[in-house]
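Student: Pasting the sequence and the predicted model now:
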There are 2 protein chains.
Amino acid sequence: MERLWSWDRPATVRDVLEDMTRRPPLAYTTVMTVMDNLHRKGLLLREKQGRAYLYRPTGSRESHTAELMGQAMVGASDRSGVLLRFVEQLSPEDLVALRELVADAGERPEADPQPPLA
Amino acid sequence: MERLWSWDRPATVRDVLEDMTRRPPLAYTTVMTVMDNLHRKGLLLREKQGRAYLYRPTGSRESHTAELMGQAMVGASDRSGVLLRFVEQLSPEDLVALRELVADAGERPEADPQPPLA
DNA sequence: AGGGGCTACGAAGCACGATCGTAGCCAAGG
DNA sequence: CCTTGGCTACGATCGTGCTTCGTAGCCCCT
């Protein structure tokens, strides 16, 4: 399913359908239903353009993954315990990245969350 | 389901069943099937004691949550991007805890992962 | 006005988990 | 020795959610 958001531009149902490579090609309505479900789940925004809808992701794939990670620890009583186990299983590269991130966070309380993306 | 691992001691099917409070009490076999599924999924260890099995959790609840969080970012291409979005949504308290954790990690390359728990 | 493309709605198939019943096993007690 | 009670193994049923798709209806363009 939603692994088709590699391209960062909005897409119509037909765009996605024609990009799909599948042994028996999926039906048009299948792709549409999936995108509609994603939209109902708040993962996709849509906007009417002519007679068709233009879909665009609500957030980046990274945001979504981070959202899932945060969701996994809601209701946890010992949050720092969870974080401890989490950093324990991180790779060294992840660890250095994380170290920089937690150091930066808080220094500039509010920086641009989304610079122009360049 | 598995919210019964608040107690840290191993338990038999009957222990769990008698601890359950549910409008229509669950059948004995229901609890057994659930615990067996958890065992098949590697979340529970079991050991025969007499004619019954003793079940104990494979890891702490914190380890399991951390495992899920790690699982959420497998296959992510931009891991530091994910971590960025993740720390962004953390509460200030979580942030200070995480800062300590990433600072400690690496200083003592291998400390006891499980001290006697005292 | 007609046709092509798009959406809305709902049905069928599939996978997974939860719930439970029945059958079989084994040890203890009469 | 045989019966009874507790436990496990196996499979049936049910509900839920996701996937796939077809049909019906709508609207713009020619």
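Tutor: Good, I have the coordinates.

Student: all contacts plus neighbour counts: C-alpha atoms, from now on.
Tutor: Noted.

Student: How about the contacts made by the nearest residue to residue A:59 once chain neighbours are set aside?
Tutor: Nearest residue to residue A:59, sequence neighbours excluded (C-alpha to C-alpha, 6 or more residues apart in numbering or on different chains): residue A:43, at 7.4 Å. With contact set as C-alpha atoms under 8 Å, 6 or more residues apart in numbering or on different chains, residue A:43 has these partners: A:57-59.

Student: And the helices in chain A?
Tutor: A:13-19, A:28-40, A:61-72, A:79-88, A:92-104 (DSSP state H).

Student: For the residue nearest to residue A:59, give its distance to residue A:32.
Tutor: According to C-alpha to C-alpha, to the nearest Å, residue A:43 and residue A:32 sit 14 Å apart.

Student: Repeat that for residue A:51.
Tutor: 14 Å.

Student: more crowded one of those two?
Tutor: In terms of neighbours (other C-alpha atoms under 10 Å in any protein chain shown), residue A:32 is the more surrounded of residue A:51 and residue A:32; the figures are 17 against 6.

Student: what's the neighbour count on the nearest residue to that one once chain neighbours are set aside?
Tutor: Spatially, and ignoring its direct neighbours in sequence, residue A:32 is nearest to residue A:13 (5.8 Å; C-alpha to C-alpha, 6+ apart). When neighbours are defined as other C-alpha under 10 Å, residue A:13 has 20 of them.

Student: mind listing what whatever residue of chain A ends up closest to DNA strand C touches?
Tutor: Using C-alpha to the nearest atom of the strand, the closest approach of chain A to DNA strand C is made by residue A:52 at 3.4 Å. The contact partners of residue A:52, by C-alpha under 8 Å, 6+ apart, come to residue A:12.

Student: Quick check: it vs residue A:9, distance?
Tutor: With C-alpha to C-alpha as the criterion, residue A:52 and residue A:9 are 16 Å apart.

Student: Can you pull the residues of chain A lying near DNA strand C?
Tutor: Residues of chain A found near DNA strand C (C-alpha under 7 Å from any atom of the strand) are A:12-14, A:28-29, A:32-33, A:36, A:51-54.

Student: And the furthest pair within those residues?
Tutor: A:33 and A:51 (16.6 Å; C-alpha to C-alpha).

Student: Domain map for chain A?
Tutor: The record's domain parsing of chain A by automatic domain parsing lists A:13-57, A:73-104.

Student: phi, psi of the residue of chain A most remote from its centre?
Tutor: Going by C-alpha atoms, centre = their mean, the residue of chain A most distant from its centre is residue A:24, 27.7 Å out. When read as degrees, to the nearest 10, the backbone of residue A:24 gives phi -90, psi 120.

Student: and it, what pLDDT?
Tutor: Among the per-residue scores, residue A:24 shows a pLDDT of 86.

Student: now swap in residue A:16 and tell me
Tutor: For residue A:16, the predicted pLDDT is 92.

Student: ok, it touching residue A:30?
Tutor: No - counting by C-alpha atoms under 8 Å, residue A:16 sits too far from residue A:30 to count as a contact (11.0 Å).
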